[in-house]
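Trainee: whatever this is, show me its structure:
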Amino acid sequence: MKTVLNAKKILLIKLRHHGDVLLSTPVASALKTAAPDCRIDLLLYKETRPIVEHNPDYTRIWTIDRSRKGLKRLLDLAALATRLRRERYDLIVHLSDQSLGALLTRWSRPRRAIGFDYPKRRNSTWARCFDALAPVADSDSLHTVEQNLLALSPLGLDVPVAAKRCKMAYSEQDRLTVQAKLHALGVTTPYIAVHPASRWFFKCWEDERFAAVVQALADKGWHVVLTAAPVAQEEALVRSILDRVDSERVHSLAGQLTLTSLAALIDGARLFIGVDSVPMHMAAALGRDTVALFGPSKVNEWRPWMTRHTLIHAADYGPLIDPDAVDTGTSERYLSNIPVDAVLDAAQALLAAEEPAR
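Mentor: Down below sits the predicted model:
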């Protein structure tokens, strides 16, 4: 028997990073599938808004500006709390472990509130913020999307497979912007998008190895477009790769794209190659064939979701530090076990297969 969702106004809270927010989008899709006329709002950190700003499942996006400090931040949060209470939400689902989200949930006084039963939050303060707590799976036992969807288990909803896909949307202007940039570069035939950087450098591969892959693909006649965030360290990484490549078919848009125009670029690519990063999750959400290079990440939690892909894990080629032992601020890279041939073979196999439908 199909469960009826008796909630017209819903607020989802996801106070995490860009990738975490993207991987929570199936929760909204599942709720919309169960109740197509419901209104879903989202509360997140201001800097992560672009990852969902064109997602049609959300009616309103509330944000918290983490750059605001001291009294200004307190005043902002007080005003936000007042506005959230006035909305009179039927249901609030808090999808992460921040106490701030729990307190805002309690202050908003929804008819129903769901949080997660995090072991570190098993106290009376956390429990009083919700009327139901969803289970938390053991570390690296479920994909992050599946863990997010467990938040709906107290509602008894049956989530169809189609609703479990992540949703990455961009505007027509983003598409036109990318089209113009590619035309200026002389890219008029199918291309491969390569995003070699991550904001955590321990997830990055050696520049000379990425350069070898890029050179080999260009030598086979492919245009290769390298991208990076507009951050000095990431742009320098791309320059280092370019310095090792000699081909007119290799191009850089590093630092030149917004998050949503990057999505448009990836969506137009025949193949995406990258490390464990937000763009990799974007490529998966867009249904692009993906070669994903992983180091000390929890593979089951963060692998490409619901897209054709090859995951190349450094642990399969030699010793690798445990993910929980990594100092995320380190400049050391942990993907050096991965050989060039493994990445090239994976790329060529996906390129030889029939292209997925767009």
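
Trainee: so where's the protein shaky on pLDDT?
Mentor: Applying pLDDT under 70 to the chain picks out residues 1-4.

Trainee: which residues of it fall in strands?
Mentor: Under the criterion DSSP state E, the chain contains strands at 9-14, 39-45, 60-64, 91-94, 112-116, 132-134, 191-195, 223-226, 250-252, 271-275, 290-294, 309-313.

Trainee: what's the closest of those strands to Val161?
Mentor: Val161 sits nearest to strand 309-313 of all these, at 17.2 Å, using C-beta to C-beta. In this view, the C-beta of every residue, glycine as well, is placed from N, C-alpha and C.

Trainee: a markdown table for the strands of the chain, including mean neighbour count and distance to Glu332?
Mentor: Converted to a markdown table, the strands of the chain look like this (neighbours: other C-beta atoms under 10 Å; distance: least, C-beta to C-beta, whole Å):
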| stretch | mean neighbour count | distance to Glu332 |
| --- | --- | --- |
| strand 9-14 | 24 | 30 |
| strand 39-45 | 22 | 28 |
| strand 60-64 | 16 | 32 |
| strand 91-94 | 28 | 35 |
| strand 112-116 | 22 | 32 |
| strand 132-134 | 18 | 36 |
| strand 191-195 | 25 | 20 |
| strand 223-226 | 24 | 23 |
| strand 250-252 | 20 | 25 |
| strand 271-275 | 28 | 14 |
| strand 290-294 | 27 | 16 |
| strand 309-313 | 19 | 18 |
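
Trainee: in JSON lines: those, plus distance to Gly156.
Mentor: Listed next are these as JSON lines, based on distance: least, C-beta to C-beta, whole Å:
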{"stretch": "strand 9-14", "distance to Gly156": "16"}
{"stretch": "strand 39-45", "distance to Gly156": "18"}
{"stretch": "strand 60-64", "distance to Gly156": "26"}
{"stretch": "strand 91-94", "distance to Gly156": "13"}
{"stretch": "strand 112-116", "distance to Gly156": "12"}
{"stretch": "strand 132-134", "distance to Gly156": "11"}
{"stretch": "strand 191-195", "distance to Gly156": "39"}
{"stretch": "strand 223-226", "distance to Gly156": "46"}
{"stretch": "strand 250-252", "distance to Gly156": "50"}
{"stretch": "strand 271-275", "distance to Gly156": "37"}
{"stretch": "strand 290-294", "distance to Gly156": "34"}
{"stretch": "strand 309-313", "distance to Gly156": "32"}
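
Trainee: Arg175 against Ala264, yeah?
Mentor: Yes. Counting by C-beta atoms under 8 Å, Arg175 touches Ala264, with 4.7 Å between them.

Trainee: more neighbours: the two, which one.
Mentor: Each of Arg175 and Ala264 has its neighbours counted (other C-beta atoms under 10 Å); Ala264 has more, 22 against 17.

Trainee: from Arg121, how far off is the more buried one?
Mentor: Computed as C-beta to C-beta, to the nearest Å, the Ala264 to Arg121 distance reads 39 Å.

Trainee: quick check: buried residues in whichever helix in the chain runs longest?
Mentor: The single longest helix within the chain, with elements called by DSSP state H, is helix 70-87. Of all the residues in helix 70-87, those buried under the rule 16 or more other C-beta atoms under 10 Å are 77, 80, 84, 87.

Trainee: closest to Gln147 among those residues?
Mentor: Closest approach between those and Gln147, by C-beta to C-beta: Leu84, at 24.6 Å.

Trainee: residues contacting the residue lying closest to the closest one once chain neighbours are set aside?
Mentor: Spatial nearest neighbour of Leu84, chain neighbours left out: Ser108 (4.4 Å); criterion: C-beta to C-beta, 6 or more residues apart in numbering. Residues in contact with Ser108 (C-beta atoms under 8 Å, 6 or more residues apart in numbering) are 11, 81, 84-85, 87, 89, 92.

Trainee: perfect, that will be all.
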